[in-house]
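Colleague: My questions are about this predicted structure, shown below with the sequence.
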Amino acid sequence: MSVQLHASGTPNPSPNSPPAPGSAPGGRTNGALGWLLGRAAPNLLVLFALGALAWWGHHTGWKFPRFAELAGGGGQGKDDWCEEHGVPESLCVECNEKLLPRGPTYGWCKVHGVHECPLEHPDVAQLKHPPQVTAADLERARQALDFADRSVNHPKYKLHQRRLQFPSLDAVARAGVKVTPAWRGRVVEAVAANGEITYGQGRVASLSAPATGKVAHVLKDLGQPVQKGEVLALVDAAEVGKAKAEFLQALVQVDVRARTVERWKPLPETLISRPQMQEAEAALREAQIRLVAAQQALGNLGLPARAEDFKELPPDKAGERIQFLGLPDDLAARLDRRATTANLIPVKAPLNLDGVVVARKAVAGEQVEAGKPLFVVADTRLMRLTFQVRQEDAHLLRARDTTKGTPGQEVRFRAGRSDREVAGEVVWVSSEADEKTRTVQVGADLANPDGQLRANTFGSGRIILREEPQAVLVPSEAVQWVVDSHLVFVRDKNFDHDGAPKVFHARTVRPGARDGANTEIIAGILPGETVVTEGSALLRSELLKNSLGEG
């Protein structure tokens, strides 16, 4: 026997059990009647429901109401509803095209790759006033299509012929559909890359002493401007003094032996024999060779000396001149001749570079070795930017060609977290890829007149491939990929008129540049046409649902 528990936990007899023995006679009769009614109630309810259904079917002809009527759709009567297109059938422009006649059909445009092309046939545009498509508009579209491989639409696409209709403005609002007009604006197609700023090629020089010695004077400090050939420091080097002495000795020997030869030439052989004359001439040639070697040694030290400048000078004057050889006259005038040795050699800025001292290691009195950098001078007015570009993008780049007079592509760069964007020009594209990163180096020059750009800083930038200031733009969410073509839903030009059908036209388009928020429409939309933004995915779904089974 089954047992049910009440909240109190006491056993309760099963409803199917007979009355308990010992109960009162009246109680036995009432209990049996209740038991019989409990058993018969479900069957009576079923019989009653079947009878009511038979009565309703007899009076309605067994016709069930449509779902739209049950939902209150349209309010136009129970038979006035187009299930296929979701509007009252009396208002459906797809079922009754007289309500909204279609314009001329132009089909596929081979030039721009869209159906019913508004560039070729402006009358298809959903604008209240006839649009004007200019030659500049057609050229702009041509350049955009030729610039890169654009996504294509299928020529035999049929869904662009569909028009999606709402029963009312209230229904449009409930569906969350929002619109915006297409507009003209600037688009940029670019290659993005990371880069580093350094000093420009040929615009930085590391300066050192050509001989080992001691720093005697430091004439320039960090940040100070430097002109071409200007002296930055003086180094006292014994090697310099030795080279100067050898030059003077060779100069004297040449002079003495030249005089001897000249004096002996007119004498007869009875006084000067031929062997003696030959020996004197050989000694002169030897002295001349030594003089040339001494000149070369001074030249290697950056102290050019010409024998012709010393020939007519007496020994004391020649010594004074060579003491400050290679020093500017104004600097030599400031030095004490008696306290200054002839060992001084200047450290000069290059003859082709104006700039500033960006590094200094020279300290007066410090011993330095030949070739050790003492200063770095750079022209900071033009900096070099080096990008690391993917191999896949390298073929799109074009550097400046001075032989043909063609400029390089524009670059725009932001250093670090700076909000300032600087512009430059591509001047060099590497002919090889990096072995490790497989990226291609691209060099660009950046103008830096105010000195705000700093070497060895990193940042991100773009190499501008194409820039169009008058492109047709729509929000990116307005463009939908449906089956095998790009679609935009365009609001009918009479949408706002009282009593006009609330219709959106499906239009194939050719997208161009994208910046995330907006998309360029190369062909398929004209400026001013109103397109669906929010809710375009809903219209896409409705278009696909209504097109099931069509071809």
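Modeller: Right, received. Where do you want to start? Numbers count the residues shown, from 1 in each chain.

Colleague: Break down the stretch 401-550 of the chain into its strands, ranges please.
Modeller: Counting by DSSP state E, counting those that start in this stretch, the stretch 401-550 of the chain has strands at residues 410-415, 422-433, 439-447, 457-475, 480-482, 485-491, 502-508, 510-514, 518-523, 530-532.

Colleague: Phi first, then psi, for Ser273.
Modeller: phi -80, psi 160 (degrees, to the nearest 10).

Colleague: Could you do the one 10 residues further on as well?
Modeller: The main-chain torsion angles of Ala283 are listed as degrees, to the nearest 10 and equal phi -60, psi -40.

Colleague: and the gap between the closest residue to Ala171 other than its chain neighbours and Cys109?
Modeller: Spatial nearest neighbour of Ala171, chain neighbours left out: Lys502 (7.4 Å); criterion: Cβ to Cβ, 6 or more residues apart in numbering. In this view, the C-beta of every residue, glycine as well, is placed from N, C-alpha and C. In this view, Lys502 and Cys109 are 28 Å apart by Cβ to Cβ, to the nearest Å.

Colleague: Tell me who's in contact with Arg398.
Modeller: By Cβ atoms under 8 Å, 6 or more residues apart in numbering, Arg398 lies in contact with 406, 408-409, 426, 429.

Colleague: so where's this structure uncertain?
Modeller: 1-78, 546-551 (pLDDT under 70).

Colleague: mind giving me the domain ranges of it?
Modeller: As assigned by automatic domain parsing, the chain contains the domains 26-62, 97-190+468-546, 194-202+379-462, 204-375.

Colleague: Quick check on the contacts of Arg398: which are buried?
Modeller: 408-409, 426, 429 (16 or more other Cβ atoms under 10 Å).

Colleague: In TSV: these, plus distance to Pro88.
Modeller: TSV is the format used below for the buried ones among the contacts of Arg398 (distance: Cβ to Cβ, whole Å):
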residue	distance to Pro88
Gly408	63
Gln409	58
Val426	62
Val429	64
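
Colleague: Tell me which two of the residues you listed sit farthest apart.
Modeller: Taking Cβ to Cβ, the two most distant members of the buried ones among the contacts of Arg398 are Gln409 and Val429; they sit 9.7 Å apart.

Colleague: Please identify every residue contacting each of the two.
Modeller: 397-399.

Colleague: Of these, which belong to strands?
Modeller: Judged by DSSP state E, strands contain none of the shared contacts of Gln409 and Val429.

Colleague: Identify, from those, the entry nearest to Ser208.
Modeller: Nearest to Ser208 among the shared contacts of Gln409 and Val429, counting by Cβ to Cβ, is Ala399 at 33.0 Å.

Colleague: my guess is that closest one meets Gly408, correct?
Modeller: Yes. Using Cβ atoms under 8 Å, Ala399 is in contact with Gly408, at 4.8 Å.

Colleague: Show me whatever sits in contact with both of those two.
Modeller: In contact with both Ala399 and Gly408: 426-427, using Cβ under 8 Å, 6+ apart.

Colleague: follow-up on the earlier one: mind putting the contacts of Arg398 into CSV with distance to Ala305?
Modeller: Shown next, in CSV, are the contacts of Arg398 (distance: Cβ to Cβ, whole Å):
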residue, distance to Ala305
Thr406, 47
Gly408, 45
Gln409, 50
Val426, 46
Val429, 46
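
Colleague: Determine which two of those residues are furthest apart.
Modeller: Thr406 and Val429 (13.4 Å).

Colleague: This protein: helices as residue ranges?
Modeller: 25-60, 67-70, 135-147, 169-174, 238-264, 274-300, 315-323, 329-334, 391-394, 536-546 (DSSP state H).

Colleague: what's the angle from the fifth one to helix 315-323?
Modeller: Orientation check (axes from the mean of the first three to the mean of the last three Cα atoms, to 10 degrees): helix 238-264 against helix 315-323 gives 140 degrees.

Colleague: Tell me the buried residues in helix 238-264?
Modeller: 239-241, 243-244, 246-248, 250-251, 253-254, 257-258.

Colleague: How about the fourth one?
Modeller: Judged by neighbour count (16+ other Cβ under 10 Å), helix 169-174 contains these buried residues: 171-172.

Colleague: could the helices of the chain be laid out in CSV, adding distance to Ala216?
Modeller: As requested, the helices of the chain are exported to CSV (distance: least, Cβ to Cβ, whole Å):
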stretch, distance to Ala216
helix 25-60, 119
helix 67-70, 102
helix 135-147, 63
helix 169-174, 88
helix 238-264, 11
helix 274-300, 18
helix 315-323, 13
helix 329-334, 12
helix 391-394, 52
helix 536-546, 79
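
Colleague: So for His497, which of those sits nearest?
Modeller: helix 169-174 (11.3 Å).

Colleague: Kindly format the C-alpha coordinates of that closest one as PDB.
Modeller: Once non-C-alpha atoms are left out, helix 169-174 reads as follows in PDB (Å, rounded to 0.1, in the frame of the first residue of the first chain):
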ATOM      1  CA  LEU A 169       7.300  54.000 -38.900                       C
ATOM      2  CA  ASP A 170       6.600  52.600 -35.500                       C
ATOM      3  CA  ALA A 171       7.600  49.200 -36.800                       C
ATOM      4  CA  VAL A 172      10.900  50.600 -38.000                       C
ATOM      5  CA  ALA A 173      11.600  52.100 -34.600                       C
ATOM      6  CA  ARG A 174      10.600  48.800 -32.800                       C
END
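
Colleague: what packs against it?
Modeller: strand 502-508 (3 or more Cβ pairs under 8 Å, 6 or more residues apart in numbering; DSSP states H and E).

Colleague: and the strand it packs on, C-alpha only, in CSV?
Modeller: Below are the C-alpha coordinates for strand 502-508, written out as CSV (Å, rounded to 0.1, in the frame of the first residue of the first chain):
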residue,chain,number,x,y,z
LYS,A,502,8.4,52.4,-45.7
VAL,A,503,10.8,50.6,-48.0
PHE,A,504,14.6,49.9,-48.0
HIS,A,505,16.3,49.0,-51.3
ALA,A,506,19.1,46.4,-51.4
ARG,A,507,22.1,47.8,-53.3
THR,A,508,25.3,46.1,-54.3
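
Colleague: Could you list the paired strands of that strand along with their orientation?
Modeller: Here strand 502-508 has these sheet partners by DSSP bridges: strand 163-166 (antiparallel), strand 485-491 (antiparallel).

Colleague: Of the ones you listed, which is nearest Leu234?
Modeller: strand 485-491 (73.2 Å).

Colleague: for the closest one, the distance to its chain's centre please.
Modeller: 28 Å (Cα atoms, centre = their mean, to the nearest Å).

Colleague: Likewise for stretch 499-518?
Modeller: For stretch 499-518, the distance to the chain centre is 27 Å (Cα atoms, centre = their mean).

Colleague: List the buried residues for it?
Modeller: For stretch 499-518, using 16+ other Cβ under 10 Å, the buried residues are 501-513, 518.

Colleague: Quick one: those residues as JSON lines, columns for distance to Gly185 too.
Modeller: As requested, the buried residues of stretch 499-518 are exported to JSON lines (distance: Cβ to Cβ, whole Å):
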{"residue": "Pro501", "distance to Gly185": "31"}
{"residue": "Lys502", "distance to Gly185": "29"}
{"residue": "Val503", "distance to Gly185": "27"}
{"residue": "Phe504", "distance to Gly185": "23"}
{"residue": "His505", "distance to Gly185": "23"}
{"residue": "Ala506", "distance to Gly185": "24"}
{"residue": "Arg507", "distance to Gly185": "20"}
{"residue": "Thr508", "distance to Gly185": "22"}
{"residue": "Val509", "distance to Gly185": "16"}
{"residue": "Arg510", "distance to Gly185": "17"}
{"residue": "Pro511", "distance to Gly185": "15"}
{"residue": "Gly512", "distance to Gly185": "12"}
{"residue": "Ala513", "distance to Gly185": "11"}
{"residue": "Asn518", "distance to Gly185": "7"}
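
Colleague: ok, Leu327 touching Leu344?
Modeller: Yes. At 6.9 Å, Leu327 and Leu344 qualify as touching, with contact defined as Cβ under 8 Å.
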